[in-house]
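Chemist: Generate coordinates for the sequence data below:
(chains A, B and C, ligands or ions: 2)
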Amino acid sequence: MRRAAPILAAAALFVLPLAFMDARTYVTLTVAGLAMGMLIFLVAAGLTLIFGLMDVLNFAHGAVFSWGAYVGFSVALLLNQRWGWATAPSVTLNVLLLAAAILAAMVVAVGLGILLERVIVRPVYGRHMFQILITLGATIVIEELIRMIWGPNDQVMPVPLTFQGSWDIADVIVLRFPVVAIVLGVLVYLGITLLLTRTRVGLIVRAGVENREMIQALGHNIYRYFTRVFAAGSALAALGGVMWAMFSQSVRPAMGGEQLIFAFIVVIIGGLGSVTGSLLGALIVGLSYNYVAFLVPKAAIGINMAIMVLILLLRPTGLFGSGK
Amino acid sequence: MPPEPTHGSPPLLEVEDLHTYIGQHHILQGVSLRARRDAVTVILGRNGAGKTTTMRTIVGLLRPRAGAIRFEGRPIHGLPPYEIVRFGIGFVPEGQGIFATLTVDENLRVAMRDESPESRDRLPRIFALFPALERFRQARAGTLSGGQKQMLSIARAFVNPNRLLLIDEPSKGLAPIIVEHLVAALQEMKSQVTVLLVEQNFAMASALGDDFYLLDDGRTVHHGRMVDLVHDHALKKRYLGV
Amino acid sequence: MTEARLTPVQRARQAERGRRFRQPAPYLRLACLVLAALVPLVVPSFQVLDLAAKIAIFAALVASYDVVLGYTGIVSFGHAMFFGFGAYAVALSLGKFGAPTYGHLAAGFLAGVALSATISVLIGAFSLRVKAIFFAMITLAFAEFALILAVQLTHITGGEDGLSPTLPGIFAVSYEGGRLGGIPVTGRLVTYYFILAICLVLFVVMARFIHSPLGRTLQAIRDNELRAEALGFRTFVFQIASSSFGSVVATVLGGCYVMWVRYANPESVLGIHVMLDLLLMVIIGGIGTLYGGIIGATFLLTSQTLLPHLRTLAASVFAGSMVMQRMTERWLLYFGILFILMVFFFPKGVIGTVRDALARRAPSPSSSPPHPDPPARGGCPTR
Ligand SMILES: Nc1ncnc2c1ncn2[C@@H]1O[C@H](COP(=O)(O)OP(=O)(O)O)[C@@H](O)[C@H]1O
Ligand SMILES: [Mg+2]
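Modeler: Ligands and ions are numbered 1, 2, ... in the order given. Alright, predicted model coming up:
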């Protein structure tokens, strides 16, 4: 019951805006909000697992997001310039372009993640201050590398034709790409949940999130699992980066830093270490941002902070936090 | 003081002049002990004497600054915990250390170092010792009672074919009747495994123990046969306050 | 003879006092101060004076950050925000209420301090109470929020363009106070010495703070939070006190900064770059050294002043190579690498490393200052 309460409260809260707008606007905003939430979730999921398992607050997570976006951008650009896969009126080619961009971004991010974990994070386990400082230093370097390779300015992300525009369903305008993002987010969430609950690695990771020392005293080399989680989390961040680049149709070197702040808010709301909490937190953040941006545009930036503060006051360890 | 010389087979576990620091604090300042094969060795000492620190140092959760730990004659100090326990050591920490959000079954499965048939074969024996665990197999471990959690923690150390169990204050916070049940279960396990037990409950310690080591201020100050200690009221009063 | 009757604490204090004058550090600090005081008299260049003023402000700002980071052991990303609060409070007070007076100036400082104290206590209350690590995340979010607010509330803050206040009386650019020993007394000069005096006072206050019982408690908490909690300290109360103290000092310095540059916009006083600069300075100078900021600020601000020249030079040398040009443009990259290397290999910074080297040469008990542990490499894998 304690787990159901926040979900019910959140659900009730999201019917509320319906009182202030017509149903069509509500649907449009809801779709946009869910999409935004799902994209933030992709970033937050890795962050929360990395923190839960090893007590590591990875400030470089946002920089990995940016790298993913840029790698995806390069691949998309290349495929479109060479063979016109984005502009071709072919669903197959369009989907292939997205898939290729995502795959390339995730592969690069896995490499980057392993490098970060081994070189940057591993020497400073258990020392929060140094972790934060060193991952921040890594962020500076990684972001500057982006500026060096791709240049410091915004660039336009090619969006495949299939994902542009909107569907008109019973007079309700539903943008296409957000729907793709929502579907992908749901799939990722299900995938993570299955991995965590149905596999032995997942079992060990869940146990490790709860008690890092005990899992070692049971004979499991937690560092091996942590490297995997770090790599997987980085891959998810990169996936989020590509999707966000398509969603906003642009790439910027600092985009990861901004997403990281959203992800922090989400992770705090959801509870450090909880994937489900992150999903819920991300949806809350995405939806409330969109509703408020429509109703009271100036208050939109403040709403997420307000929610975070409120949750911290009511439930200091977050919606699904263990309070460890 | 040097551990007593052993006759015949070497001890399963040998700890020699252990020094452990936590932060800048010099907590263990010379702990020595030996655990005979197939015996229960009890570590006694008042609160803060360093019993838990000794156990944690043996399993590798703390790294000793000086001294030696040998398991079956092989030095294990300085190795990480996940390598140490794989030599055949089961650890039951103070406060149980169960995974509250996992089910009882998952707690047992995660403890199996390899989910081999051999480990699975041990489950019926475990459930015979602790029937409650079988009944609540699918329940979240966090919902168990204190006694059941302790049983789960011991069971977890027993799912692998370990040769040594390190058990830290299993009776802490449990009702007397539950403690009796625990004693009975440990009596049964005694025949299959060597046990190093930290226990403040003197009745339980004397019921189970063959040998004892007495720690005070991070040092071994006394050791001998449990039967001798039971009658040494002066020593008990001095170090244990009983 | 009296020696024998002293308590151990008194004896230790006396020994410390005696040592103090045998160590080079106090003389070096005095030399820095004298040097800063002499700048306007010796070098007539405005660029140098400008650099000196900024170094003074940032050295003190880094020290105030070090109180939070090095002496309390909590990472804040909101320090630049509190600096910005001071800057905006003074700029607004001077610019929005008619002709600026000394009263406006003082009110600006007071308002900034009040705002910072309130906000930092609030942030601390709902983050440090839960988990010290939340503090880093939440201060980062707040800093971003403050930046967006400053950009968006154009009718108050002037948006991206910012505010350009004028200063009252003797601080005004137009002020001419005749000549003193051959040096023309201008508003600039007065402002410079005023800022220098404030920085000096702040340094003294901060040094007092870290050596006070409260400061020592904080260091005990930093070194072993669990133990301090076990001893009955409500650790987060102390942490809140310290972070608020640091924030208030930063706010005062923000006010000084606006007095000097007569300009406040989101980028220059609230932006993430101010925070990055601060971090670099504190790492270079040394965490937990208080005076490391002097070295960190001098190094970073001087090299930033020289960088444009270097870049022009590089551009002419590598005129043909696009890649080389890009590489010289991305100087932050090199600072980032320097930052990582410093954290790994010289976690105590310049000052800490030198202090350690001196202590090793002339070993004396308890002379080693408090330092956070350097990162362990290949150490025990558990906490
Ligand atoms: N994290 C820690 N920091 C500082 N001191 C500790 C820490 N953990 C334990 N101690 C100290 O080490 C000593 C031994 O503790 P412990 O081994 O838990 O004793 P026991 O299990 O015999 O009661 C105690 O004095 C305790 O205060
Ligand atoms: Mg104990």
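Chemist: What is the burial count for the residue of the stretch 1-150 of chain C found nearest chain B?
Modeler: Among all residues of the stretch 1-150 of chain C, residue C:73 sits closest to chain B, at 13.1 Å; criterion: C-beta to the nearest C-beta. Placement of C-beta: from N, CA and C, glycine included. By the measure other C-beta atoms under 10 Å in any protein chain shown, the count of residues near residue C:73 is 22.
Chemist: ok, now how distant is it from residue A:253?
Modeler: Computed with C-beta to C-beta, to the nearest Å, the distance linking residue C:73 and residue A:253 is 31 Å.
Chemist: same thing with residue A:85?
Modeler: In this structure, residue A:85 and residue A:253 are 25 Å apart, going by C-beta to C-beta.
Chemist: For residue C:77, which non-adjacent residue is spatially closest?
Modeler: By the measure of C-beta to C-beta, 6 or more residues apart in numbering or on different chains, the closest residue to residue C:77 outside its immediate chain neighbours is residue C:140, 4.0 Å from it.
Chemist: Isn't that neighbour up against residue C:78?
Modeler: Yes. Residue C:140 sits in contact with residue C:78 when judged by C-beta atoms under 8 Å, with a separation of 7.4 Å.
Chemist: more neighbours, the two?
Modeler: Neighbour tally, residue C:140 and residue C:78, criterion other C-beta under 10 Å: the higher count belongs to residue C:78, 30 against 25.
Chemist: Ignoring the adjacent residues along the chain, who's closest to the more buried one?
Modeler: Nearest in space to residue C:78, with sequence neighbours left out and distances taken as C-beta to C-beta, 6+ apart, is residue C:139 at 3.4 Å.
Chemist: Which stretches in the stretch 51-200 of chain A count as helices?
Modeler: Along the stretch 51-200 of chain A, the stretches classed as helices by DSSP state H, counting those that start in this stretch are A:61-83, A:91-115, A:128-150, A:176-198, A:200-210.
Chemist: about what we covered before: please verify my assumption that the residue of the stretch 1-150 of chain C closest to chain B contacts residue A:129.
Modeler: Yes. If you go by C-beta under 8 Å, residue C:73 and residue A:129 touch, sitting 6.0 Å apart.
Chemist: hmm, back to that, so the residue nearest to residue C:78: helix, strand or coil?
Modeler: helix (DSSP: H, G, I helix; E, B strand; the rest coil).
Chemist: Can you name the residues that contact it?
Modeler: With contacts taken as C-beta atoms under 8 Å, 6 or more residues apart in numbering or on different chains, residue C:139 has the following neighbours: C:76-79, C:81, C:123, C:127.
Chemist: Check the gap between the residue nearest to residue C:77 and ligand 1 for me.
Modeler: Between residue C:140 and ligand 1 the distance, using C-beta to the nearest ligand atom, to the nearest Å, works out to 29 Å.
Chemist: What of residue B:121?
Modeler: Per C-beta to the nearest ligand atom, residue B:121 is found 35 Å from ligand 1.
Chemist: can you tell me the helix or strand for that residue?
Modeler: Under the assignment given by DSSP states H and E, the secondary-structure element containing residue B:121 is helix B:117-129.
Chemist: Where does the prediction get shaky in chain B?
Modeler: Counting by pLDDT under 70, chain B contains low-confidence residues at B:1-9, B:242.
Chemist: Where does chain A get nearest to ligand 2, residue-wise?
Modeler: With distances taken as C-beta to the ion, chain A approaches ligand 2 most closely at residue A:213, which sits 14.8 Å away.
Chemist: What strand or helix carries that residue?
Modeler: helix A:212-217.
Chemist: Tell me which other helices or strands that helix touches.
Modeler: Helices and strands touching helix A:212-217, as assessed by 3 or more C-beta pairs under 8 Å, 6 or more residues apart in numbering or on different chains; DSSP states H and E, comprise helix A:200-210, helix A:222-248, helix B:81-84.
Chemist: re the thing from before, contacting residues for the residue of chain A closest to ligand 2?
Modeler: For residue A:213, the set of contacting residues under the criterion of C-beta under 8 Å, 6+ apart consists of B:61, B:81, B:93, B:97, C:382.
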